[in-house]
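J.: For reference, the sequence and a predicted model appear below.
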Amino acid sequence: MEPENKHFKDRVVELSGENVDLCFQCGACSSGCPMTQEMDYLPSKIIRMVQLGLEEALESKTIWVCTTCFNCEVRCPRGIDVANVMEALRQLVLRRKYDRVSLDELSPEEIRELPQIAIVSNQRKLTA
Amino acid sequence: MTRLAYYPGCTLKTNAKNFEDSTIATAEKLGIELVEPERWNCCGTVHSLSTDDVMHHLAPIRNLLRVEELSNAGEVDSKQVVTLCAMCYNTLKRSNMVFNEDSDRKKKIRDNMYKEDIEYSGNVEVLHHLEVLREMGWDKVKEAVANPLNGLKVAPYYGCLLLRPRGIGVDDTDDPTIMEDMLEALGAETVGFAYSQKCCGSYNAVHMKEVVADLAHKILKQAEEAGADMLVTACPLCEYNLGPRQSEVEKRYPVFKSIPVVYFTQLMALAFSLGEEAAAFTGNKPDPRPLLRDKGLLEE
């Protein structure tokens, strides 16, 4: 593995606390995921990309549409918490001061109608 | 009366006021006084999953500190705290686990706690209200029923954070029965459906309206096809995505038939005959009252 691939993989493993090498690509995480129709890469494919140290995982739409519902985690026969890996990937991008969502794009009516729980959780997961 | 510390969380004071009102009234009927700490703060709503994160655990742990203060002052009868919102439950419980299981982060959390009189011990137990009821016994709940919900077919919607991750949830992750047990104690008929644990789209509701409406449509349609008259939930975000957001579902699916979504404690208030104010159905969209009147469970 090239040093830059190894560096990326090590960083994801460190931030997520997950041993991605345990994954044998059974696809259980992807089959139970409620958001796959909005994803460019299936969750299992993202795990494969991290195994190989492919930093393109950070460009994926997948990591941003994940709702951290933990369905993948309870399904994984290898005990990998896939949601932790998704969070680590989001964090690697967010820590460069990136915001995925801006509340400026919503109308005042939309903001007024949304419960706090939606806004706070959205901003916590998707903004720097 | 047993005095139990109660952490409301942000949305229980606004959109989910009906959840709070119905819980306080039904808990009192069952001999539980819910004691809210004088100052509490937002739990953060979501648990931080990164191994190096310390900052986002301060808010949940600070709330547990408030509970410990209540307990030390003798204002509650145990070191337990009950939550209603599934997200608060998850966030408080998981941060408590981080505090108790990761000595390095425990030290950092303590070092960063600013202007507090006491240090958090780690000994507060985080419970969801459903767990409190189960512990009390479903027979006790049944005894309080004055208006059994006979003939009402209810689909329990668990969603995500009441059950997951494994080891955090209120019941068996794969085969939960806690909501069914509660509903049966009220005399309702429970309806199982395939999407009872499927995510409602959660916080994507803010910027992916259509996608969340599609998910809600699948869940609601499944429940309806399984024969349910209504759904129950224990999460204000699920309630919002499946209830008020049915207006979005209707825009995308013209043949969609609306179906009420209520908090489990509202059905308890109805079954206990505690009156309209306690059941607080005025806060629900779509309005469940026409259905409940049809079923003879609510007076005209």
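T.: Good, I have the coordinates.
J.: Just the helices from chain A, written as ranges.
T.: Residue ranges of the helices in chain A, as given by DSSP state H, are A:3-16, A:28-32, A:43-51, A:62-65, A:71-75, A:82-94, A:108-113, A:116-126.
J.: Which among these is found nearest to residue B:59?
T.: With Cβ to Cβ as the criterion, residue B:59 lies closest to helix A:116-126 of the helices of chain A, at 10.5 Å. (C-beta placed from N, C-alpha, C; glycine too.)
J.: Is chain B within reach of that closest one?
T.: Yes - counting by Cβ under 8 Å from any Cβ of the partner chain, chain B is contacted by helix A:116-126 at A:116-122, A:124-126.
J.: In CSV: those, plus neighbour count and pLDDT.
T.: Below are these laid out as CSV (neighbours: other Cβ atoms under 10 Å in any protein chain shown; pLDDT from 0 to 100):
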residue, neighbour count, pLDDT
A:116, 19, 97
A:117, 32, 98
A:118, 23, 98
A:119, 20, 97
A:120, 21, 97
A:121, 24, 98
A:122, 24, 98
A:124, 17, 97
A:125, 24, 97
A:126, 20, 97
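J.: Residue A:79: which of the residues you listed is nearest?
T.: Closest approach between those and residue A:79, by Cβ to Cβ: residue A:125, at 23.4 Å.
J.: Tell me who's in contact with that closest one.
T.: When contacts are counted by Cβ atoms under 8 Å, 6 or more residues apart in numbering or on different chains, residue A:125 touches A:68, A:90, B:46, B:203.
J.: Try it again at 7 Å.
T.: Applying Cβ atoms under 7 Å, 6 or more residues apart in numbering or on different chains, we find residue A:125 in contact with A:68, B:46, B:203.
J.: Can I get the helices of chain A in JSON lines including distance to residue B:36?
T.: Output for the helices of chain A, formatted as JSON lines (distance: least, Cβ to Cβ, whole Å):
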{"stretch": "helix A:3-16", "distance to residue B:36": "36"}
{"stretch": "helix A:28-32", "distance to residue B:36": "37"}
{"stretch": "helix A:43-51", "distance to residue B:36": "39"}
{"stretch": "helix A:62-65", "distance to residue B:36": "36"}
{"stretch": "helix A:71-75", "distance to residue B:36": "33"}
{"stretch": "helix A:82-94", "distance to residue B:36": "31"}
{"stretch": "helix A:108-113", "distance to residue B:36": "26"}
{"stretch": "helix A:116-126", "distance to residue B:36": "17"}
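J.: Nearest to residue B:208, out of the ones you listed?
T.: Closest to residue B:208 of those is helix A:62-65 (Cβ to Cβ; 7.3 Å).
J.: got the CA coordinates for the closest one in CSV?
T.: Extracted in CSV, the C-alpha atoms of helix A:62-65 (Å, rounded to 0.1, in the frame of the first residue of the first chain):
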residue,chain,number,x,y,z
THR,A,62,-22.9,8.4,0.7
ILE,A,63,-21.3,9.7,3.8
TRP,A,64,-23.6,12.8,3.9
VAL,A,65,-26.9,11.0,3.4
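J.: number of nearby residues for the nearest residue to residue B:292 once chain neighbours are set aside?
T.: What sits nearest to residue B:292 in space, not counting adjacent residues and going by Cβ to Cβ, 6 or more residues apart in numbering or on different chains, is residue B:298, at 4.0 Å. Look at residue B:298: counted by other Cβ atoms under 10 Å in any protein chain shown, it has 17 neighbours.
J.: What residues does the most centrally placed residue in chain A make contact with?
T.: The centre of chain A sits closest to residue A:86, judged by Cα atoms, centre = their mean, with a distance of 2.4 Å. Listed by Cβ under 7 Å, 6+ apart, the contact set of residue A:86 reads A:63, A:66.
J.: And residue B:247, how close does it get to residue B:283?
T.: Distance check for residue B:247 against residue B:283: by Cβ to Cβ, to the nearest Å, it reads 16 Å.
J.: Surely residue B:110 touches residue B:118?
T.: No - assessed by Cβ atoms under 7 Å, residue B:110 is found out of contact with residue B:118, at 10.9 Å.
J.: Which one of these two is surrounded by more residues?
T.: More crowded of residue B:110 and residue B:118, by other Cβ under 10 Å: residue B:110, with 15 against 10.
J.: list the buried ones in the host helix or strand of that one?
T.: Assigned by DSSP states H and E, residue B:110 belongs to helix B:103-112. Residues of helix B:103-112 classed as buried by neighbour count (16 or more other Cβ atoms under 10 Å in any protein chain shown): B:105-106, B:108-109.
J.: Make a markdown table out of the residues you listed and add distance to residue B:152.
T.: Listed next are these as a markdown table, based on distance: Cβ to Cβ, whole Å:
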| residue | distance to residue B:152 |
| --- | --- |
| B:105 | 46 |
| B:106 | 47 |
| B:108 | 50 |
| B:109 | 45 |
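J.: Per the annotation, how does chain A divide into domains?
T.: With domains defined by automatic domain parsing, chain A comprises A:3-96, A:101-128.
J.: Tell me which of the ones you listed is the most buried.
T.: Of all the domains of chain A, domain A:3-96 has the most neighbours on average by mean count of other Cβ atoms under 10 Å in any protein chain shown, namely a mean of 19.
J.: so how far is it off the chain centroid?
T.: Per Cα atoms, centre = their mean, to the nearest Å, the displacement of domain A:3-96 from the mean C-alpha position of its chain is 6 Å.
J.: okay, the residue nearest to residue B:292: pLDDT?
T.: We have a pLDDT of 96 for residue B:298.
J.: do you know how far residue B:209 is from chain A?
T.: 9 Å (Cβ to the nearest Cβ, to the nearest Å).
J.: give me phi/psi at that residue?
T.: Main-chain torsions, residue B:209, degrees, to the nearest 10: phi -50, psi -50.
J.: Contacts for the helix or strand of chain A with the lowest mean pLDDT, please.
T.: Every helix and strand of chain A was ranked by mean pLDDT, DSSP states H and E. The lowest is helix A:108-113, at a mean of 94. Applying Cβ under 7 Å, 6+ apart, the set of residues contacting helix A:108-113 from outside is residue A:103.
J.: out of everything not next to it in sequence, what's closest to residue B:164?
T.: Among residues not flanking residue B:164 along the chain, residue A:70 sits closest, at 3.7 Å (Cβ to Cβ, 6+ apart).
J.: and that neighbour, what is it in contact with?
T.: By Cβ under 7 Å, 6+ apart, the contact list for residue A:70 reads A:83, B:160, B:164-165.
J.: Swap in 10 Å and give it another go.
T.: Applying Cβ atoms under 10 Å, 6 or more residues apart in numbering or on different chains, we find residue A:70 in contact with A:81-84, B:47, B:49, B:90, B:160-161, B:163-166, B:168-169, B:173, B:199.
J.: Residue A:121 and residue A:127 touch, don't they?
T.: No - with contacts counted by Cβ atoms under 10 Å, residue A:121 stays clear of residue A:127, the gap being 11.1 Å.
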